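# quick one, what's the 3D model for this:
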Amino acid sequence: MTDHAFTTLADDIEATLGAWHPLDHDQATLRDRHLAFVGERGADAMRRDGGPEHLTASAFVFSPDLRSVLLCFHRKGQFWVQVGGHLESEDATVTAAALREAREESGLRALEPLRARPVDVHRHDLSSRFGHCTAHWDVGYAFTTASDATPIVSDESDDVRWWPVDALPAETPHDFAERLAGVLAELARATTA
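Residues are numbered from 1 along each chain as shown. Okay, here's the model as predicted:
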């Protein structure tokens with residue numbers, strides 16, 4: 001993995017997050033923390049092997065009417081969550097990393113971005129099940145696909161399926177419903193702005 005590729009990703013996320021003005025004040029504060037983290041760590045913030053804390057990219061995949069969201073049952077975390085994962089040197093942008101992860105973890109190929117900007121940032125501590133990773137600084141993007149798209153379970157999860165956005169499974173992280181509501185508010189603002 002080349003430092004140049006990860007430096008390019010660091011530059012991309014600094015520009016992308018710098019241009020994003022989240023609707024929610026807490027998201028704006030966390031965006032600023034993400035920017036500071038990347039500013040301090042540079043390319044190392046992008047690499048899985050760059051330290052125990054690093055950026056990840058995730059994808060909130062919705063049905064066209066935004067009434068259903070695709071979630072995977074994460075094998076290590078033992079919870080339902082959006083698809084996503086580590087950045088790779090071949091990713092041209094963090095958006096591309098989110099799309100790649102969504103395709104790998106869901107088996108769905110026909111994914112369309114709902115907007116170019118992120119819709120969510122999140123920092124979460126990880127349990128010992130995640131090995132040397134102790135925290136992920138996640139940047140989430142939104143995509144849509146056909147309402148009849150059938151996901152395929154990858155080797156990183158135990159299950160992948162559609163859930164109504166207003167009837168999420170009980171086994172989600174404690175703040176996931178709030179995050180999803182924030183993502184939907186960001187998307188609503190994009191369509192009315």
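# next up, phi/psi of the residue nearest to the spatial centre of the chain, please.
To find the centre residue of the chain, average its C-alpha atoms and take the closest one (CA atoms, centre = their mean): that gives Ser58, at 1.7 Å. Backbone geometry at Ser58, expressed as degrees, to the nearest 10, gives phi -130, psi 170.
# I'd assumed Gly140 was in contact with it.
Yes: taking contacts as CB atoms under 8 Å, Ser58 lies within contact range of Gly140: 4.6 Å. Where you see a C-beta, it was placed from the backbone N, CA and C, and this is true even at glycine.
# what do those two both touch?
When contacts are counted by CB atoms under 8 Å, 6 or more residues apart in numbering, Ser58 and Gly140 have Gln82, Gly84, Ala98, Asp120 as shared neighbours.
# which of those residues tops the neighbour count?
With neighbours set by other CB atoms under 10 Å, the maximum within these is found at Ala98, which has 31 neighbours.
# extract the residue ranges of the chain that are flagged as low pLDDT.
1-2, 126-132, 156, 190-193 (pLDDT under 70).
# any idea what the residue nearest to the centre of the chain is bridged to?
Following DSSP bridges, Ser58 is listed with bridge partners Gly84, Gly140.
# wait, what's in contact with it?
Taking CB under 8 Å, 6+ apart as the contact definition, Ser58 lies against Gln82, Val83, Gly84, Gly85, Ala98, Glu101, Asp120, Asp138, Val139, Gly140, Tyr141.
# could you dump these to TSV with distance to Glu171?
TSV is the format used below for the contacts of Ser58 (distance: CB to CB, whole Å):
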residue	distance to Glu171
Gln82	14
Val83	16
Gly84	17
Gly85	19
Ala98	23
Glu101	21
Asp120	20
Asp138	19
Val139	24
Gly140	19
Tyr141	23
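# what's the closest of those to Pro113?
Distances from the contacts of Ser58 to Pro113 were compared by CB to CB; the smallest belongs to Tyr141, at 6.6 Å.
# could you find the closest non-adjacent residue to the closest one?
Ala98 (4.3 Å; CB to CB, 6 or more residues apart in numbering).
# can you tell me the SS state at that neighbour?
When the structure is split into helix, strand and coil by DSSP: H, G, I helix; E, B strand; the rest coil, Ala98 lands in helix.
# got the residue ranges for the helices in the chain?
When secondary structure is read from DSSP state H, the chain shows helices at 3-19, 25-41, 94-106, 176-192.
# winner for burial among the ones you listed?
Ranked by mean neighbour count, the helices of the chain are led by helix 94-106 with a mean of 23 (mean count of other CB atoms under 10 Å).
# in this structure Asp65 contacts Ser147, no?
Yes: counting by CB under 8 Å, Asp65 touches Ser147, with 7.2 Å between them.
# in terms of neighbours, single out the busier of the two.
Taking neighbours as other CB under 10 Å, Asp65 and Ser147 compare with Ser147 leading, 12 against 9.
# what's near enough to touch the more buried one?
Applying CB under 8 Å, 6+ apart as the definition, the contact partners of Ser147 turn out to be Ser63, Pro64, Asp65, Ser68.
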